[in-house]
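Novice: Sharing a sequence plus its predicted fold:
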Amino acid sequence: MAEGLTEAALEERKNLLRRFRELLQKQREKFQRYLEVLDHQKTDIEAGDVDSLVAHVELEQGIVGEIFAFQKVIDPLEDLYRAAYPSASEDDIPALKATLEDLKTEVVQRNTENRKLLKQRMEMLRHEIMSVNNPYAKKKSVYADAGDAGLVDIKG
């Protein structure tokens, strides 16, 4: 046995590590899906497709919720693993965590870009709305020349 671990302890360690790795991989998949949604949002903003943008924003909210739910499970599991096996150093866990950090950074960057693009688009639409001339704004009402009532019949 490695380092004097019993077979049961070794199996428990493998299962814990396997579960931890699976969760990190699922988290990575969620971030990759989130990046795809952000790309679609950018396309929708540039095209001015409001309906698709709304659908992608709703999808984004769902993915963000899933990411937070996974993170709530990953953090305690990692703490449990580190507490139970402080000397353990698995090669792929740091690589997965580094990939996740890179994806998080990219998500924040793209989200910021989309936000800026959306603000620009909204400002452009505001200017378009302000520049639209109402053809009836300066015309006199058709009722403007109608005489004012001088007497009111109250008995009817």
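Specialist: All right, it came through fine.
Novice: ok, now how distant is the nearest residue in space to Glu113 that is not next to it in sequence from Glu58?
Specialist: With sequence-adjacent residues excluded and distances taken as C-beta to C-beta, 6 or more residues apart in numbering, Glu113 is closest to Lys42, at 7.1 Å. (C-beta placed from N, C-alpha, C; glycine too.) From Lys42 across to Glu58, the span is 16 Å (C-beta to C-beta, to the nearest Å).
Novice: centre of the chain versus stretch 57-71, how much separation?
Specialist: Relative to the mean C-alpha coordinate of its chain, stretch 57-71 is positioned 7 Å out (C-alpha atoms, centre = their mean, to the nearest Å).
Novice: Identify each buried residue in it, please.
Specialist: In terms of neighbour count (16 or more other C-beta atoms under 10 Å), stretch 57-71 has its buried residues at 59-60, 63, 67, 70.
Novice: Now do the contacts for the residue nearest to Glu113.
Specialist: Contact criterion C-beta atoms under 8 Å, 6 or more residues apart in numbering gives 110, 113-114, 117 as the residues in contact with Lys42.
Novice: Quick one: the helices in the chain, in order.
Specialist: 7-47, 50-84, 92-131 (DSSP state H).
Novice: can you list the ones you listed in JSON lines and add mean pLDDT?
Specialist: Formatted as JSON lines, those follow (pLDDT from 0 to 100):
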{"stretch": "helix 7-47", "mean pLDDT": "89"}
{"stretch": "helix 50-84", "mean pLDDT": "87"}
{"stretch": "helix 92-131", "mean pLDDT": "89"}
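Novice: Fine by me, we can end here.
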